[in-house]
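1. Please find the sequence and the predicted model below.
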Amino acid sequence: MDIKVLPLPDERKKQKFADESKLGFGKIFTDRMFIAEWKVNQGWVDARIQPYGPFTLDPAALVFHYAQEIFEGLKAYRWQDGSIALFRPEMNARRFNLSADRLCMPEVPEDLFLDGIRQLVSLERDWIPGAEGTSLYIRPTMMAVEAVLGVKPADHYYFYVILSPVGAYYASGFNPVKIMVEDSYVRAVPGGTGEAKTGGNYASSLKAGLEAKKKGYDQVLWLDGVNKRYIEEVGAMNMFFAYADKVVTAPLAGSILNGITRDSVLKLAATLGFSVEERPIDVNELMSDIRSGKVKEAFGSGTAAVITPVASLCYKDESVAVGNGGVGNLTQKLYDTLTGIQYGKIADQFGWIEKIA
């Protein structure tokens, strides 16, 4: 599908950031956005790049009432030679369509998904910061905009992409966080929408997260929704535990997001001499292994923060330090390697990088 580029009037151009060290995360947006529409009996139409701006939606739009909405997150990186790179964007396109299928939304053709991002990022390349740890965050989103109050899949959708120059996800940077194991609320259950990247999953997690912060913790580690016994995700990240010679993470069983960074960590760990296990992790067994020192390191993985080291876990009011409470050797190696590949400082032996400009 051809993508039309609409003019950007001078009065719509924004003042660019002056200090890359003060970008924060997701607070600044670029001049342009990409949008395409899907209409029943027409399919995908009117793909365009236009000036960034608000939508005018009917108050009865289905997204407001029945939460037909999905999104993705990926980044563009400015390399030292000035070129721009994406990290495994085809994985985001495929996961986006898995989410769409779960929420009865139309599939976005992979070419449309990727070409829209490529062209938009190329046009907005001056917004991509170059300081260490900065990047251009890319947020593809689809939402139901048909105005009707009946519960049904919509007949009209917007697929759009916005861009945000960002710094580190956590203001503290790459430092260990304290995690509280949540044993009251649940994030998802088998057969639900846990493996889809949809806003409702995040909305339902907010209460537990706020309560954990009141108690002095940075994130919540979720247990399974049936037994409240097996480890699942941490915050918006997949969770890993490193033993002497193996890395363990929860299996993908329908309630955990299939993280792209998760997949990258599993592949990298294997090249570093670790065996990889995807298996149910009993929280009681885990806490015992942390106490005894069998678990050497723990960390989360996700697009926004890449790798987040974990200093301690608290379960049923017992807080236990992981290792020495600092950044473990494997955690540091994974972070350095992943970010090194993303920023072009380490050779990409996996074929994960796509240069777009």
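-> That came in fine, so what should we check first?

2. For the closest residue to Phe64 other than its chain neighbours, give me its contacts.
-> By the measure of CB to CB, 6 or more residues apart in numbering, the closest residue to Phe64 outside its immediate chain neighbours is Leu57, 7.6 Å from it. Using the backbone N, CA and C atoms, a C-beta is placed for each residue, glycine as well. Contact analysis of Leu57 by CB atoms under 8 Å, 6 or more residues apart in numbering lists Val63, Phe64, Val145.

3. Filter those down to just the ones in helices.
-> Counting by DSSP state H, the part of the contacts of Leu57 found in helices is Val63, Phe64.

4. tell me the contacts of the residue nearest to Gly344 when sequence neighbours are not counted?
-> Counting by CB to CB, 6+ apart, the nearest residue to Gly344 once its immediate chain neighbours are dropped is Trp79, at 3.9 Å. For Trp79, the contacting residues are Ala85, Tyr343, Gly344, taking CB under 8 Å, 6+ apart as the criterion.

5. circling back: the residue nearest to Phe64 - that's part of a strand, no?
-> No - assessed by DSSP: H, G, I helix; E, B strand; the rest coil, Leu57 does not belong to a strand; its assignment is coil.

6. Quick check, Leu114 in contact with Pro89.
-> Yes - applying CB atoms under 8 Å as the test, Leu114 and Pro89 come out as touching, 5.9 Å apart.

7. Show me which of the two is the more surrounded one.
-> Neighbours of Leu114 and Pro89, each counted by other CB atoms under 10 Å, are more numerous for Pro89; the result is 26 against 19.

8. What pLDDT does the model give that one?
-> The model reports Pro89 with a pLDDT of 98.

9. my guess is it contacts Lys355, does it?
-> No - because the distance of 11.4 Å does not satisfy CB under 8 Å, Pro89 is recorded as not touching Lys355.

10. any common contacting residues for those two?
-> Shared contacts of Pro89 and Lys355 (CB under 8 Å, 6+ apart): none.

11. for the contacts of Leu57, which one is nearest Glu233?
-> Each of the contacts of Leu57 was checked against Glu233 using CB to CB; the closest is Val63, at 24.2 Å.

12. Any stretches of this protein with poor pLDDT?
-> Low-confidence segments of the chain (pLDDT under 70): 357.

13. 80 - rerun?
-> Along the chain, the model assigns pLDDT under 80 to residues 170-173, 357.

14. the helices in it, which residues?
-> 62-66, 89-102, 110-123, 199-203, 206-214, 260-271, 283-292, 329-342.

15. Check which residues of the third one are buried.
-> In this case it means helix 110-123. By neighbour count, and taking 16 or more other CB atoms under 10 Å as the criterion, the buried residues in helix 110-123 are Leu112, Phe113, Leu114, Asp115, Gly116, Ile117, Arg118, Gln119, Leu120, Val121, Leu123.

16. And these, which is closest to Ala250?
-> The shortest approach to Ala250 among the buried residues of helix 110-123 belongs to Phe113, at 27.8 Å (CB to CB).

17. Could you verify my assumption that the closest one touches Arg94?
-> No - taking contacts as CB under 8 Å, Phe113 lies outside contact range of Arg94: 9.2 Å.

18. What residues sit buried inside stretch 145-164?
-> Along stretch 145-164, the positions that meet the burial threshold by neighbour count (16+ other CB under 10 Å) are 145-146, 148, 154, 156-164.

19. and if you look at stretch 78-94?
-> Of the residues in stretch 78-94, those scored as buried under the neighbour-count criterion (16+ other CB under 10 Å) are Arg78, Ile84, Ala85, Leu86, Phe87, Arg88, Pro89, Met91, Asn92, Ala93.

20. do the same with stretch 265-272
-> Applying a neighbour-count criterion of 16+ other CB under 10 Å, the buried positions in stretch 265-272 are Val265, Leu266, Leu268, Ala269.

21. Thank you kindly, that will do.
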